[in-house]
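below is the sequence, then the predicted model.
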Protein chains: 2
Amino acid sequence: MIYLDHAAATPLSDKALKAMTPYFSDKFFNPSAAYLPAVETRRDYEDAKDRIAHVIGAKGVDLVMTSGATESINLAFSVLAPNAEVLISAVEHASVFENAKRAANYKEIAVDANGRVKLEDLRAKLTPNTQFISICLVSSELGTIQPISDISRIIAEERERRAFAGEKTPLYFHCDASQGLGLLEVKVNRLGVDLLTLNAAKVYGPKGIGALYVGHNVKINPLTVGGGQEMGLRSGTENVAATIAFATAIEEAEKHISFERKRLINLKNRFVKELKDLPNIKFLGNPKFQLQSFLPICLPGLDAERLIFALEDRGVYLSTGAACAASKGIKSRTLSAIGLSDEEIAGSLRISMGKLNDEESIIEAARHIREVVAAEINRLAK
Amino acid sequence: MIYLDHAAATPLSDKALKAMTPYFSDKFFNPSAAYLPAVETRRDYEDAKDRIAHVIGAKGVDLVMTSGATESINLAFSVLAPNAEVLISAVEHASVFENAKRAANYKEIAVDANGRVKLEDLRAKLTPNTQFISICLVSSELGTIQPISDISRIIAEERERRAFAGEKTPLYFHCDASQGLGLLEVKVNRLGVDLLTLNAAKVYGPKGIGALYVGHNVKINPLTVGGGQEMGLRSGTENVAATIAFATAIEEAEKHISFERKRLINLKNRFVKELKDLPNIKFLGNPKFQLQSFLPICLPGLDAERLIFALEDRGVYLSTGAACAASKGIKSRTLSAIGLSDEEIAGSLRISMGKLNDEESIIEAARHIREVVAAEINRLAK
């Protein structure tokens, strides 16, 4: 198996599995119970939250643990007043897009040919009524890293203007950092965000656990009420085991961040070298602003779905784009937004590398891609 | 350790852990991806949903998987139109209570001294405008089994009356079966419910996974939007591993249901025999309508919290009531509802037995309770 879909899912790290396992058996207690072993389980849970928060330069109490990125994103949107004006980028995940659609009034900020948010378009669309801006750290289809700090400077200017003018309309900045965590340095203060979505499943943690960082003075509204866990912001018995695993996985990624980045750049360069002579191939995005693990490519005139199934027969696994969108055959909004034609979109593949890849597997994968593409071109020529 | 708090949390069954582990590593794929191993993971996931559903006499497509009972309950309440009239029993979990409170207009149905819903009070409070009734299968503090089928008959009569009168107001019946699953036979048709909340964590499955059964013709509204998973009713990457574990745990419980019930009845009888001579002890609830695992007791004049800490020192772990309420020092609504005085409530303990108990541990626990109670009575007498 050669797995090239790390942006869709990552295997759980061995360390994380080992760390979480005791919380299924010996330490299975309900962290809200009063007796000592349960109190110890709660302490481990709070400690894990602190460890996760530390990676993004925050404290455990700033995090609301959720069942994953989608819930975090929905919870971030809970700050919206009815009819609030919302801005999102044109390359957001379906979850941000669907939440924006639910808001009465939203606009998309245009991106350039590499999928980067156009700051001048943000300035043009940011009005005195804008209350919420949601922009991903890294586009999940292109791997494009967004200029979050630049965006937050523009937002800060608008906030200053409002304060000076005595305007009371709040302005919140949410960043979906589902992709990029563990490969980029993500510090809430440096990014200047009010709300940040974290996802364990993309960083070698388990599925079913995520977090929302909530800045001071930001008031989110719970999606679920009940026992009052997570300071009343997210009721339900805490998922201790998964939180411990998340903390372990994210710390492990953080520890090897520069090593892994270098390793992935080398793999990517090698991959590009092996593929660059394919007829009409386009490498999407600009490597300068692209996560090291991403290599989205476009083979105009070919059918990416056919390529994916031909590669599947050879044990090479990759996607056309976000798994959830791909499964429904929805045309990629992201690829439209960067100006690709329908033919180009139909021929686009997302390669996303990670821990399961080494140089040998990349060379092998590239060979399979070349062979499959050659066969497909032959078939079409007949 | 003698653990007597199975109603708060249960350890993960070995079988369930074994069944889930491959989905962290070899089968970690995103079930929405198109390639074969991911498709197989999706098949296993759908199969696990079918297995869970089968236990309650339903099909996998009738289930929406959630992050636990609290989310399921909140999702059940999503059927409510604004200002809908809601009825709940007086012995519901905080999650049902808090959701009812959010609805503009709710009433509590009274219970008898054993914590059983009074059917005549249900009849009295059920009006032509009632849209939603939520009653637990088993009270989480008393273990009292509610007469769900009788309640659903009354609801069916009202529905018939409405149909005959040409009234269009819908009437939904939700049952929180968090407690009782794995010890009671729970079949949606026999119970006559429209919505049923299931929780893995109380039945030796993992925390962080639950389900909502949604009857045909019942339209729930998603709490989270995004990738459109769970038929668009609950977006977010599926928690495959936890769902597989849930299926394994619930099947295991189902297989041993009559054996485990007999075993628990014997343990309970033994426990009662060992405790019955404690001064002024009251066994709460009526064993005829009580889950075999529950033994709630009341020791008027004593401070249950002090007893719990004294028992903790001896390695005996139990609670005063629901863990999430206990941690906040909230006076039990359930115990008030059955007419206990404040003094009686302050002296109440919830013993909940399960797999971690055998006869020896029960005899030992009873001895510790007797000694701790005697010491406390002595202390107070001085």
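Structure's in. What do you need?

only C-alpha atoms from now on, for both contacts and neighbour counts.
OK.

list the contacts for residue A:10?
Taking C-alpha atoms under 8 Å, 6 or more residues apart in numbering or on different chains as the criterion, residue A:10 is in contact with A:201, A:202, A:203, A:204, A:205, B:28, B:29.

who's in contact with the nearest residue to the last one once chain neighbours are set aside?
It stands for residue B:29. Nearest residue to residue B:29, sequence neighbours excluded (C-alpha to C-alpha, 6 or more residues apart in numbering or on different chains): residue B:38, at 5.1 Å. Shown in contact with residue B:38 (C-alpha under 8 Å, 6+ apart): B:27, B:29, B:30, B:31, B:32.

could I have the helix or strand harbouring residue B:38 exported to PDB, CA atoms only?
Applying DSSP states H and E as the criterion places residue B:38 in helix B:36-55. The C-alpha trace of helix B:36-55 is given here as PDB (Å, rounded to 0.1, in the frame of the first residue of the first chain):
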ATOM      1  CA  LEU B  36     -11.100   0.300  -1.700                       C
ATOM      2  CA  PRO B  37      -9.600   0.100   1.800                       C
ATOM      3  CA  ALA B  38     -11.600   3.300   2.700                       C
ATOM      4  CA  VAL B  39     -14.700   1.700   1.100                       C
ATOM      5  CA  GLU B  40     -14.100  -1.400   3.300                       C
ATOM      6  CA  THR B  41     -13.800   0.800   6.300                       C
ATOM      7  CA  ARG B  42     -17.100   2.500   5.400                       C
ATOM      8  CA  ARG B  43     -18.700  -1.000   5.000                       C
ATOM      9  CA  ASP B  44     -17.500  -2.000   8.500                       C
ATOM     10  CA  TYR B  45     -18.900   1.300   9.800                       C
ATOM     11  CA  GLU B  46     -22.300   0.800   8.300                       C
ATOM     12  CA  ASP B  47     -22.300  -2.800   9.400                       C
ATOM     13  CA  ALA B  48     -21.600  -1.700  13.000                       C
ATOM     14  CA  LYS B  49     -24.500   0.700  12.800                       C
ATOM     15  CA  ASP B  50     -26.700  -2.200  11.600                       C
ATOM     16  CA  ARG B  51     -25.500  -4.300  14.500                       C
ATOM     17  CA  ILE B  52     -26.300  -1.500  17.000                       C
ATOM     18  CA  ALA B  53     -29.700  -0.900  15.400                       C
ATOM     19  CA  HIS B  54     -30.500  -4.600  15.400                       C
ATOM     20  CA  VAL B  55     -30.300  -4.700  19.200                       C
END
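
can you list the buried residues in that helix?
B:36-39, B:41-42, B:44-53, B:55 (16 or more other C-alpha atoms under 10 Å in any protein chain shown).

what's downstream of it, the next helix or strand?
Following helix B:36-55 in sequence, per DSSP H and E, is strand B:63-66.

mean confidence score for that following strand?
Taken as a whole, strand B:63-66 has a mean pLDDT of 98.

chain center to the helix or strand following that strand: distance?
Sequence-wise, the next helix or strand downstream of strand B:63-66 (DSSP H and E) is helix B:69-76. Centre-to-centre, helix B:69-76 and its host chain are 12 Å apart (C-alpha atoms, centre = their mean, to the nearest Å).

and the helix or strand following helix B:69-76, what does it pack against?
Per DSSP H and E, the first helix or strand lying C-terminal to helix B:69-76 is strand B:85-89. Here strand B:85-89 touches helix B:94-102, strand B:105-109, strand B:130-134, going by 3 or more C-alpha pairs under 8 Å, 6 or more residues apart in numbering or on different chains; DSSP states H and E.

the longest helix along chain A near chain B at all?
When secondary structure is assigned using DSSP state H, the longest helix within chain A turns out to be helix A:359-381. No: Helix A:359-381 does not reach chain B (C-alpha under 8 Å from any C-alpha of the partner chain); its nearest approach is 15.0 Å.

list the buried residues for that helix?
For helix A:359-381, burial by neighbour count (16+ other C-alpha under 10 Å) applies to A:361, A:362, A:363, A:365, A:366, A:368, A:369, A:370, A:372, A:373, A:376.

any idea of the mean pLDDT in it?
97.

what residues are up against the nearest residue to residue A:229 once chain neighbours are set aside?
In space, and not counting its chain neighbours, residue A:229 is closest to residue A:235: 4.6 Å by C-alpha to C-alpha, 6+ apart. Neighbouring residues of residue A:235 by C-alpha under 8 Å, 6+ apart: A:224, A:225, A:226, A:227, A:228, A:229, B:70, B:95.

so which of these is the most crowded?
residue B:70 (31 neighbours; other C-alpha atoms under 10 Å in any protein chain shown).

neighbours of the spatially closest residue to it that is not a sequence neighbour, how many?
Leaving out its chain neighbours, the residue that sits closest to residue B:70 by C-alpha to C-alpha, 6+ apart is residue A:236, at 5.1 Å. Residue A:236 is flanked by 25 other residues according to other C-alpha under 10 Å.

can you check the pLDDT for the residue nearest to residue B:29?
So, for residue B:38, pLDDT stands at 97.

do the same with the one 4 residues further on
At residue B:42, the pLDDT value in this model is 98.

same deal with residue A:25?
For residue A:25, the predicted pLDDT is 94.

so how far is chain B from it?
Going from residue A:25 to chain B by C-alpha to the nearest C-alpha, to the nearest Å gives 5 Å.

is it true that that residue touches residue B:11?
Yes: between residue A:25 and residue B:11 there is a contact under C-alpha atoms under 8 Å: 5.1 Å.

so which of the contacts of residue B:38 are in strands?
Among those, no member is found in strands (DSSP state E).

which of these lies closest to residue B:268?
Residue B:268 has its nearest neighbour among these in residue B:27, at 42.1 Å by C-alpha to C-alpha.

I'm done for today, thanks for sticking with me.
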